[in-house]
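Novice: have a look at this prediction, sequence included:
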Amino acid sequence: MTQAAPSDFLHVSQQGGVAILTLMNPPVNALCAQLRGALMAAIAQATADRAVTAVILIGAGRGFSAGADISEFGAAPIVPRLAEVCALLEACPKPVIAAMDGFALGGGLELAMAAHYRICSSTTRLALPEVTLGILPGAGGTQRLPRLIGMAAALDMMLTGAALPAAKAQSLGLIDQIATGDLLQHALHLAATHPAPRPTSAQPVVDADDGAQVIAKTRAALPARARAVTAPNAILDCAAATLTTPFETGMQIEASAFAKCLQSPERAGLIHAFFAERASANLPQASRTPPRPLHQLGVVGGGTMGAGIAVTALDAGFDVTMVERDSASMARGRANVEAVYDRLIAKNRLSLAAKAETLGRFHTTTAYADLANADLVIEAVFEDLAIKRAVFENLDRVLRPDAVLASNTSFLDIDQIAATTSRARDVLGLHFFSPANIMKLLEIVVPSAAADDTVATGFAFAKRLGKVAVRAANSDGFIGNRILNAYAEAASFMVEDGASPYDIDAAIVGFGFPIGLYAMFDLAGNDIVWADRKRRMATRPPGARYADFADLLCEQGWFGQKTGQGFYTYGPDSRQGTPDPQVLALIAASRSAKAIVPRTFGPDEILQRYLAAMVNEAARLLAEGVALKPSDIDVTFVHGYGFPRHRGGPMHFADSYGLAKMLADIRRFEHEDPVFWAPAPLLVDLVARGATFGSLNPPRD
């Protein structure tokens, strides 16, 4: 019999003696204050009702619960707290069964762990992803999870935020049963067996004898970036409490650690990054028109980038046809694609059968005519405007009138490429980052004539691929590479003036980047970066400062990892570079030729200049409309350039650092080069108004 629901967020019904509490807060059943209050009331009612023999928790819609309402983070606590709901649920004298479908994430999984029994459908995924938001499971997750699955598995879940599939969760002991039919009926059947209440908090840690050693080894193995962030260390401290203190004391330790995480700058940066990613897909064109249908994909070029694009499209379920210029190149392109899957097989992450199924949707050819049925074709040939224009002339002749043509260029003028065709409205840029099948960022470059549905199709395609898409206007280097050129220039001036490339890289890595600037150039290929510098030389302002040591390095043939020598030297099959005295001698000779007296740069000054150049150029392109909003720049740099996610991105960092302080830094450097260090007018205006970059972002949805 259906009873009156205590809230619109929770539906309460009863079958026989079983109270069924259905979470109803679409789209992901976030555990907002209203839902938490309704759960407290419903649990208390079920506890007091003698006719109720068991309680089932289940989610309406496509999942159980994705956890907390993130919009509440950083605000004053709203009662009841989820920890109180979990405590009341676990203390229920009648068996409580959590029946999960789709997903149980964060607080949703914590709620389920407070239940006495857990069942789920075979497709359910379970995770505690709080660490990715700079916090920890704060409703008993750090205390209950080790008691259910052991310390090693619990730490892996909490420190990575990775989701467990149902079968793995059952093998670990997190799930009791996997439903083979209707989930609710399975839960009702379990309730009918009259299981006894089984509080998780009363259980010992599964592998308690080894727990302390596991924690010590895990702490020692934390990456340097994780050791500098509050949440991972707090998770380890809370987990350690399960070994030495009663559950109630552990909960107090967890609550204190959670409060500390909430106040950390990392939490603010990670929450900002989360909302920035959601906002990056919100753009005018996508809201005005639906995307075009996408089934058949074409890729022109089978090199490293073309093969990576083909792989990411195949993995998303597309049929892919790759075009190369001749039979030998076609064979290399296929081999490049197969090599990706062979590496996965070698790591036991893919079966031979799965590889065969995937490659059954992959076709190679030398004939452009074989792309006649493609819905979208991506050109991924060498970064040369004349070559790309020739490819687009060929595509224009053979593609359907409703096909979308895209160029994977890093910096070239998309309008000039589109002008080669009779259908400029169907052309856009899709700037993948290498390796394309791994890197999540996709810059979607919108040329002047692009139709709304062309742009909408680009964003729909990115979503199918699982990429984080950012809209960029047509500008040399778009968002990411244009800003990269600015801070690389600032770094080159520091090297000329006395810093070494290794000083620069050490300061950047110390800030939280996964790789230094010059190590990154070695990885990408110094010859490629050199070609871009030569291309931009024609537009360099007369008399502007130019550091030539990187050109001199390239003239030696030191192109980086692929030649075994660049700014660093590399051993056979090694990607770990070693500083090279020859490079330092080359730089010293370049300084001497310009009569530059070197001086010392400390890490703090390196970072001040590096980040000031980054933010100053970002402010310029933001004012020009190259980026729609500051948060798009943050997304670009977090996902494409290794900017530490816990710092939120360069614009969020600038706000945290203080725009007035950053402008003062720039004005300190301005006398050295008034052209390069000219403060961006937008930055000057924001400081004058006491505003921030964040104030230019649209409100959170």
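Specialist: Happy to help now that I have it. Residues are numbered from 1 along each chain as shown.
Novice: how far off centre is stretch 77-89?
Specialist: 31 Å (CA atoms, centre = their mean, to the nearest Å).
Novice: list the buried residues for it?
Specialist: By neighbour count on 16 or more other CB atoms under 10 Å, the buried set for stretch 77-89 is Pro80, Arg81, Leu82, Ala83, Val85, Cys86, Ala87, Leu88, Leu89. For the C-beta atoms, the positions are set from N, CA and C on the backbone; glycine is no exception.
Novice: in CSV, list those residues along with secondary structure.
Specialist: Putting the buried residues of stretch 77-89 into CSV (DSSP: H, G, I helix; E, B strand; the rest coil) gives the following:
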residue, secondary structure
Pro80, coil
Arg81, coil
Leu82, helix
Ala83, helix
Val85, helix
Cys86, helix
Ala87, helix
Leu88, helix
Leu89, helix
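Novice: which two of these have the greatest separation?
Specialist: Using CB to CB, the buried residues of stretch 77-89 span at most 12.9 Å, a distance reached by Arg81 and Leu89.
Novice: ok, Ala268 to Phe637 distance?
Specialist: 17 Å (CB to CB, to the nearest Å).
Novice: likewise for Ile56?
Specialist: Ile56 is 46 Å from Phe637, where distance means CB to CB.
Novice: then His11?
Specialist: From His11 to Phe637 the distance is 44 Å (CB to CB).
Novice: go on, Leu352?
Specialist: 39 Å.
Novice: nearest to Ala688, of the buried residues of stretch 77-89?
Specialist: Arg81 (42.4 Å).
Novice: for the stretch 51-200 of the chain, just list every one of the helices.
Specialist: 82-90, 107-114, 141-149, 151-160, 166-172, 183-192 (DSSP state H, counting those that start in this stretch).
Novice: just name the most buried of these.
Specialist: With neighbours taken as mean count of other CB atoms under 10 Å, the helices of the stretch 51-200 of the chain reach their highest mean count in helix 107-114, at a mean of 29.
Novice: tell me which stretches of the stretch 451-600 of the chain form strands.
Specialist: Assigned by DSSP state E, counting those that start in this stretch, the strands in the stretch 451-600 of the chain fall at 468-473, 568-569, 578-579.
Novice: deepest-packed of those, please.
Specialist: Across these, the average number of neighbours (mean count of other CB under 10 Å) peaks for strand 468-473, which reaches a mean of 25.
Novice: that older thread, the more surrounded of Leu352 and Phe637?
Specialist: Neighbours of Leu352 and Phe637, each counted by other CB atoms under 10 Å, are more numerous for Phe637; the result is 28 against 10.
Novice: that one should be in a helix, yeah?
Specialist: Yes. The assignment for Phe637, made by three-state DSSP, places it in a helix.
Novice: for Ala228, see how far away it is.
Specialist: Counting by CB to CB, the gap from Phe637 to Ala228 is 18 Å.
Novice: could you do Ile345 as well?
Specialist: For Ile345, the distance to Ala228 equals 36 Å [CB to CB].
Novice: same check, this time on Arg361
Specialist: Where Ala228 is concerned, Arg361 sits at a distance of 43 Å (CB to CB).
Novice: which SS class is the residue nearest to Arg219 when sequence neighbours are not counted?
Specialist: Leaving out its chain neighbours, the residue that sits closest to Arg219 by CB to CB, 6 or more residues apart in numbering is Leu236, at 5.4 Å. Classification of Leu236 using three-state DSSP returns helix.
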